[in-house]
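Novice: have a look at this prediction, sequence included:
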Amino acid sequence: MSLATLTESTWHGVTPTIAFVVAAVLGVFFTPRMRKAAERFGIVDKPDGRLKTQRAPVAYLGGLAIYLAFLVTLGVLVDFEQRVLGLLLASTLVLLLGLVDDLEAQTPSVKFAGQILAVFVLMKAGIRIQITWLEGVPYLAEAVTLLWVVGITNAFNIIDVMDGLAAGTAGVALVGLGAMAWWNGDIAIASFTLSLAGAAFGFLRFNVAPARIYLGDAGSMLLGFLVAALATQASWATHSAYAVAAPIVLLAVPIFDTALVSFHRIKRGCSPFRGSPDHFAVRLRRHGYSAKVVAPVTWALGAVCAALALLLTRTGDRASLAILGGVFGAGCAIGIWVSRYDGRVSEPLASAPSEPPRP
C-alpha cells in the first residue's frame, strides 16, 4: 500500500470524528446568531399559561442553526454521493416546511403532505427500508418506509416539550446510528450522521434549562426526519432476524412518549393531534421533577436504548428476544408509573396548539 493510499484511508477513517467536532463548534457559533435574528424579527414562542409555561418569549430558529452547522460541515468533509444528496434535499424540504409553520401555524394536513413529499424524495435517492421479506410484496417496503419516517418525524416533534429534551434525545440516537454506520464501514453515512449529532449537541448548549432558544417545528422535524431516514441505512439483522427491530429500540424514548400521549388523549375522547400536557416529561415536571432532572435522565435512557440496539446487532436469536422483551416490559412499567401523574389541566384545551399528524 502506497503512502498516499494509506494517508487517504486514515483520513476517511477519522472523518466521522472530525465531522462531529467541527459541527459541534459550528453549532455553538451559529446558535446565538440565530437567536438574535429570531428576537429581532419576532420569531419567538410566547407563553400561554397552559402548555407554554416559560416566563418570557423564547426565540425559535434553533433548527436553522443546526441545519447550517451540519450543512457547512458536510460541504467541507463529506463526499456528495447520491444518498447524501438525497438526504440533504429531502431534509431541506422538511426544514422549510417547519420554518413556514414556525412563522405561521399550518394545518396538520399541510404538514403531513410536506412530510410525505420529502419521503418520496428520499426513496427516489434509494433510501428506504430494506428487509428481505418486505421485498416480496410490491410497494410494501415503500409503504413501511413512509410510515416509519413520517411517524418518527412527528414523534420528535411531539417530544419537544421541555428544554433540551428533543435535541439531546436526537443527539444520543444519532451517535448510536453513527457508530453503527462506522462499524459497517459506511464512512459517508457515518460522517453525515455524526455531523448532525455534533450540530445538535452544539445547539444543546443554549437549549438546556433555562432554554435561550428553541428548536421550533423546523428543528424538531428536521432531527426526527433525518434520524428516521438514517436508521434505514444500517445493516441491523446480521446475526439475528429479530435485530430488525433494533431501530425501534434505538428510538424507544420518542416512540414511548408518542404512544403514551396518544393513549391518554384517545382514552379521554380527545383528538391525538391536539396539544395537551400528557407527555411523560410534563407529567413528571408537574409533580416536582425539574427540567434539569427530567432531560438528563431521558438522555440517559436514550443512551441505554442506543447501546441495547447496537447490542442487538451482535447477538443471536435468544439474546435478541431477551433484549426486546426487556425493553417492552420496561416501557410498559414506566408507562404505568408515569400515568399515575395526571397531566390534565382543564378540558377542553381550547388554546392548546395542535400537533402535527402522525400515523
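Specialist: That came through, no problem.
Novice: hmm, residue 279 and residue 265 touching each other?
Specialist: No - taking contacts as CB atoms under 8 Å, residue 265 lies outside contact range of residue 279: 10.7 Å. For the C-beta atoms, the positions are set from N, CA and C on the backbone; glycine is no exception.
Novice: who's more crowded, these two?
Specialist: Shown here are residue 265 and residue 279; by other CB atoms under 10 Å, residue 279 has more neighbours (24 against 19).
Novice: name the SS class of the closest residue to that one other than its chain neighbours, please.
Specialist: Once flanking residues are discounted, residue 279 sits nearest to residue 161: 4.9 Å by CB to CB, 6 or more residues apart in numbering. Classification of residue 161 by DSSP: H, G, I helix; E, B strand; the rest coil places it in coil.
Novice: nearest residue to the middle of the chain?
Specialist: residue 224 (3.2 Å; CA atoms, centre = their mean).
Novice: do me a favour and average the pLDDT over the helix or strand hosting it.
Specialist: Taking DSSP states H and E as the definition, residue 224 sits inside helix 216-231. Mean per-residue pLDDT for helix 216-231: 96.
Novice: right, and the helix or strand after that helix?
Specialist: helix 246-250.
Novice: can I get that next one in CSV, CA atoms only?
Specialist: Extracted in CSV, the C-alpha atoms of helix 246-250 (Å, rounded to 0.1, in the frame of the first residue of the first chain):
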residue,chain,number,x,y,z
ALA,A,246,-33.1,-2.5,16.6
PRO,A,247,-34.2,0.9,15.3
ILE,A,248,-37.4,0.7,17.4
VAL,A,249,-35.2,0.0,20.4
LEU,A,250,-32.9,2.8,19.5
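Novice: residue 97 contacts residue 221, doesn't it?
Specialist: Yes - the pair formed by residue 97 and residue 221 meets the contact definition of CB under 8 Å, at 6.9 Å.
Novice: any idea of the angle the strand or helix carrying residue 14 forms with helix 216-231?
Specialist: Residue 14 belongs to helix 3-40 when assigned by DSSP H and E. Between the axes of helix 3-40 and helix 216-231, defined by axes from the mean of the first three to the mean of the last three CA atoms, to 10 degrees, the angle is 160 degrees.
Novice: great, nothing more from me.
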